[in-house]
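Novice: have a look at this prediction, sequence included:
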Amino acid sequence: MRKMQGRARFHWIQFALWLFAFLLVPLGLESVTPAHAATGVPGGQLFTSSGTGCQVTVSFLGAEAVFNDRLFLSATVPASGGTPTGTLLFNHGAPTGPTTISVPPSSELIFAISVDDPRNGPGIDATWYMGPGSRNADGQAHAIVTDNGDGTFTVAFEDIAIPSQFTDFNDLMFLFRGTCLTSGQGRMTGGGSVFTAAGVRVTHGFEIHCNPAQSPNNIEVNWGKGQNFHLTTLTSAQCLDDPSIQARPPSAGFDTFIGSGTGTLNGTPGARIQFTFTDAGEPGTKDSATIKIIDAGGNVVLQVSGQLDKGNQQAHNN
């Protein structure tokens, strides 16, 4: 019932805003449009840039939840999607003011909510994690991340299994602020050649997204006498801004893509890849690639790192 009342209020607010905008036109008045068009990303992620770490302030924006939800900064994502092990930041049953936490550099901040339905007695009834839906028991993304364009990010959670008639992503809403925060938005494209210590040329080409839930995500690596790796699933992604890299022209807010995935090695499934690609600006001669490929048996079949001999890698903000 509370969700339905919240939805009705939202529709009335939408109508009032539409009517106000409609009346502005005949009066010859201009409406104000934000300089940054914020778009929420279901399954979005938050990362910290490289450096010495920073402070992140978490502020409660609102809730439509009937349940007693708690927000955690989780140290890990349990394989079963169980209760997070980490720092409790907010208790819906006993709300507090903004909380500032110290976070490590070059890492993902995995926020999660635990859900307690009082009708079932005390205890945790469900846990939902930010990021890809694969982290959750229902296989769905349970948080929408919005880059507000001013160094802050709004994160809105859904606390009921999806799909549901109550899916509205307004059960818990928070504002995250920190100079080191970056979002999982953006992508990197390109490729080129690097050489192994033995002088073997390794060529690669790719298009990959900072949010693995967005597609396409493709990587092809070729080396030696017909050796080939083909990415089938991007399993992790971090888009970071390395202060030691000064891209010219200016980058897309990040210049380093660190990721991993699974795929096929010479057509055989079960292989894995770990990689780091950088964009050091045009014309690409200072871009670098680090690639490690592991076969289905756990054997490292390729390990290479260096600046591109030929090619170009470019970060994009969309």
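Specialist: That came in fine, so what should we check first?

Novice: for the most centrally placed residue in the chain, grab phi and psi.
Specialist: Centroid-nearest residue in the chain, with CA atoms, centre = their mean: residue 45, separated by 2.5 Å. Dihedral pair for residue 45: phi -130, psi 160, per degrees, to the nearest 10.

Novice: so how far is residue 131 from it?
Specialist: For residue 45, the distance to residue 131 equals 5 Å [CB to CB, to the nearest Å]. C-beta: built from backbone N, CA, C; applies to glycine.

Novice: repeat for residue 197
Specialist: Per CB to CB, residue 197 is found 36 Å from residue 131.

Novice: likewise for residue 110?
Specialist: Look at residue 110 and residue 131: by CB to CB, they are 7 Å apart.

Novice: which neighbours do these two share?
Specialist: residue 77 (CB atoms under 8 Å, 6 or more residues apart in numbering).

Novice: compare those two (neighbour count), which wins?
Specialist: residue 131 (27 against 19; other CB atoms under 10 Å).

Novice: okay but that one is in contact with residue 140, surely?
Specialist: No - shown here, residue 131 and residue 140 do not form a contact pair, counting by CB atoms under 8 Å, at 11.5 Å.

Novice: name the helices or strands packed onto the longest strand belonging to the chain?
Specialist: Ranked by residue count and defined by DSSP state E, the top strand of the chain is strand 227-240. With contacts defined as 3 or more CB pairs under 8 Å, 6 or more residues apart in numbering; DSSP states H and E, strand 227-240 has these neighbours: strand 46-48, strand 201-209, strand 218-223, strand 256-265, strand 268-278, strand 300-307.

Novice: nearest to residue 286, of those?
Specialist: strand 300-307 (6.1 Å; CB to CB).

Novice: and the closest one, what's its mean pLDDT?
Specialist: Averaging pLDDT along strand 300-307 yields 96.

Novice: check which helices and strands that strand is in contact with.
Specialist: Strand 300-307 packs on strand 187-195, strand 218-223, strand 227-240, strand 288-294, going by 3+ CB pairs under 8 Å, 6+ apart.

Novice: tilt between the shortest one and strand 201-209?
Specialist: Just to be clear, that refers to strand 218-223. Counting by axes from the mean of the first three to the mean of the last three CA atoms, to 10 degrees, strand 218-223 lies at 170 degrees to strand 201-209.

Novice: could you export strand 218-223 as CSV, CA atoms only?
Specialist: Presented in CSV, the C-alpha positions along strand 218-223 are these (Å, rounded to 0.1, in the frame of the first residue of the first chain):
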residue,chain,number,x,y,z
ASN,A,218,34.3,-8.1,-27.2
ILE,A,219,38.0,-8.9,-27.0
GLU,A,220,40.1,-10.8,-29.6
VAL,A,221,43.7,-11.8,-28.9
ASN,A,222,45.9,-13.5,-31.5
TRP,A,223,49.6,-14.6,-31.2
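
Novice: report all helices and strands that it contacts.
Specialist: The contact analysis (3+ CB pairs under 8 Å, 6+ apart) places strand 218-223 against strand 201-209, strand 227-240, strand 268-278, strand 300-307.

Novice: recalculate using a threshold of 7 Å.
Specialist: When contacts are defined as 3 or more CB pairs under 7 Å, 6 or more residues apart in numbering; DSSP states H and E, strand 218-223 packs onto strand 201-209, strand 227-240.

Novice: mind putting those strands in a markdown table, mean neighbour count, mean pLDDT and distance to residue 179 included?
Specialist: Formatted as a markdown table, the helices and strands packed on strand 218-223 follow (neighbours: other CB atoms under 10 Å; pLDDT from 0 to 100; distance: least, CB to CB, whole Å):
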| stretch | mean neighbour count | mean pLDDT | distance to residue 179 |
| --- | --- | --- | --- |
| strand 201-209 | 19 | 96 | 24 |
| strand 227-240 | 20 | 90 | 14 |
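
Novice: so who does residue 229 touch?
Specialist: 221, 263, 265, 271, 273, 293 (CB atoms under 7 Å, 6 or more residues apart in numbering).
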